[in-house]
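Novice: Sequence first, then the predicted structure:
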Amino acid sequence: MNTKKLSVLEKVGFGAGDMAVNVVWSSMALILTYFYTDIYGLRTEHLGMLFFLPRMIDAFADVVMGMITDAHTTRWGRYRPYLLYGAVPFGIAVMLVFTTPDFDYSMKLAWAYVSYTLLMLVFTSVTIPYISLPGVITDDPKDRLSANGYRLFFAKAAALMVTTFVPLFAARWGADHKATGYQVSMALMAAIASLLFIFCFFTTTERVKHTIERKPLSLQLSLLLRNDQWLILAAVCVIGTIGYVIRGSVAMYYAKYFLNGDTGVVSTFITVGVAGNILAMVASTWITKKFCKLQLFRWTQVIVFVLSAAMYFLVQPGDILPAYVFFFVINFVVDLHAPVFWSAISEAVDYGEKRSGKRVAGMAFGGISWCQKMGMSLAGLILGFLLTHFQYAPDQAQSSFTLNGIALLLTVIPGAFHLVMGLLMFRYKITDRYYTDMLREGTPATAPSQA
């Protein structure tokens, strides 16, 4: 067992990588739906397939990328080189998605499909190696959890940066042409993301060496599907991502139409939510030092459903202050589980290796990313269908039926997904004590103890 502790610089560098990733993730979860309907000019009935098809293509690319990282290594390590070589293409792809060409509607729709698919593929080429890093920079579960705390703090800082500055900069730089404002604003975010990936490459070290045998795809899938603890995390990832993306995607609509807010209200509303996410990263790291991380994961998701239902029933149109309070608290509670989830993936990989004698790391991390993309795809389908069902039309006064639908999409509907997510985690049983004993003693992982 490698006992070398990670330095603060390495944890910061590791976190910088997720900050880069979340320039895209935050944009997709919080801004892109609004951009496509209210700025780019797409109709809501076209959103579902636009979000579904490219993400489905990319979901299978995740599996391929996982196999590539399992099969190849370099003098810089197995995963880090992709962060260096993918940094600039990543930034360019982000900028292209937020470019609005002067085409007719059908060609604009085609541009959206092509640019979004390209972004998803480039996104995969750097995120699969990145999310695999925790398994090779340290094998200490506490240090790994701490590193993921840094990572998620920086991820939420990226979300704060995007949601705070992009709408405001877009309004300032695109006063007469909002599409240009969004293009320039996101080009700046993309350049920052590229530099962050390069910084992550130079400040991290792959010090834990795993022997990975080349295995046929069918064998890797078979081994992964026999890992019951990984399967739980995979299901949790799909379900939780659906809830997260639906809530985040509707936040700008909620602030603009349900709260009747201007650009300042829209920006501060989503910023308040992201602030809750950031504080959750700090609180989670502290709480898990004193309390069971699995119990924290389970019960926070159940509480999110209760808070979401309360927000739906208690906040009325135009009630800005209570809406801000509820949105902050919901976003704080929902993300208390995040460092636990991402550290659990590496533990589930080690658990599977102990059970079968064979390690499937790239496929496992690629599979989780695939689950994220599946969750995003399904969320896009659901969101496009429900916005159409609730008769949403951009840049005009909404009916009471539409406002009620927007409120449901921000509160009860995503809350229900988080409730299911929390209940599923009662079946996940790899505690810190069990994991440490497993590594120290080499005990076959057949009967993990209850948390």
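Specialist: Nice, thanks for sending it over. Numbers count the residues shown, from 1 in each chain.

Novice: Can you tell me what sits against stretch 379-397?
Specialist: For stretch 379-397, the surrounding residues in contact (CB atoms under 8 Å, 6 or more residues apart in numbering) are 33, 37-38, 44-52, 55, 241-242, 244-246, 249-250, 253, 398-399, 401-402, 404-406, 409, 413. For the C-beta atoms, the positions are set from N, CA and C on the backbone; glycine is no exception.

Novice: For the longest helix seen in the chain, buried residues please.
Specialist: For the chain, the helix reaching the highest residue count under DSSP state H is reported as helix 141-173. Of all the residues in helix 141-173, those buried under the rule 16 or more other CB atoms under 10 Å are 141, 143-171, 173.

Novice: Repeat that for stretch 170-183.
Specialist: Those would be Ala170, Ala171, Trp173, Gly174, Lys178, Ala179, Gly181, Tyr182, Gln183, for stretch 170-183 by 16+ other CB under 10 Å.

Novice: Does Ile192 belong to a helix, a strand or coil?
Specialist: Using DSSP: H, G, I helix; E, B strand; the rest coil, the structure places Ile192 in helix.

Novice: Check whether the nearest residue to it once chain neighbours are set aside sits in a helix, strand or coil.
Specialist: Spatial nearest neighbour of Ile192, chain neighbours left out: Val23 (6.9 Å); criterion: CB to CB, 6 or more residues apart in numbering. Secondary structure of Val23, reduced to three states by three-state DSSP: helix.

Novice: Can you name the residues that contact Val23?
Specialist: Val94, Ala158, Met161, Val162, Met189, Ala190, Ile192, Ala193.

Novice: and the longest helix of the chain, what does it pack onto?
Specialist: Here helix 141-173 touches helix 8-26, helix 134-137, helix 178-203, helix 263-287, helix 338-356, helix 432-441, going by 3 or more CB pairs under 8 Å, 6 or more residues apart in numbering; DSSP states H and E.

Novice: what's the angle between it and helix 338-356?
Specialist: Counting by axes from the mean of the first three to the mean of the last three CA atoms, to 10 degrees, helix 141-173 lies at 140 degrees to helix 338-356.

Novice: tell me the mean pLDDT over stretch 32-42?
Specialist: Here stretch 32-42 scores 91 as its mean pLDDT.

Novice: contacting residues for Thr74?
Specialist: Residues in contact with Thr74, defined by CB under 8 Å, 6+ apart, are Pro81.

Novice: What's opposite it in the beta bridge?
Specialist: Gly77 (DSSP bridges).

Novice: Show the low-confidence segments of the protein, by residue range.
Specialist: 1-4, 70, 174-175, 210-217, 362, 431-432, 434, 436-451 (pLDDT under 70).

Novice: count of residues packed around the residue lying closest to Phe153 once chain neighbours are set aside?
Specialist: Residue nearest to Phe153 in three dimensions, not counting chain neighbours: Met281, with 4.0 Å by CB to CB, 6+ apart. Met281 has 23 neighbours, counted by other CB atoms under 10 Å.

Novice: so what's Met281 up against?
Specialist: Gly149, Leu152, Phe153, Ala155, Lys156, Asp335, Ala338, Pro339.

Novice: Go through those and name the one nearest Asp18.
Specialist: Ala155 (4.2 Å; CB to CB).

Novice: what about the closest one, distance to Val24?
Specialist: 11 Å (CB to CB, to the nearest Å).

Novice: in the helix or strand encompassing Ala59, what's buried?
Specialist: Assigned by DSSP states H and E, Ala59 belongs to helix 47-71. Using 16+ other CB under 10 Å as the test for burial, helix 47-71 gives 47-56, 58-59, 61-63, 65-70.

Novice: any idea how far Leu410 is from Phe385?
Specialist: For Phe385, the distance to Leu410 - CB to CB - is 16 Å.

Novice: The two: which has the busier surroundings?
Specialist: Between Phe385 and Leu410, Leu410 has the larger neighbour count (other CB under 10 Å), namely 29 against 14.

Novice: and that one, what is it in contact with?
Specialist: Applying CB under 8 Å, 6+ apart, we find Leu410 in contact with Arg247, Val250, Ala251, Tyr254, Phe258, Met311, Phe327.

Novice: farthest pair in the residues you listed?
Specialist: Farthest-apart pair in the contacts of Leu410 is Arg247 and Phe258; separation 13.3 Å (CB to CB).
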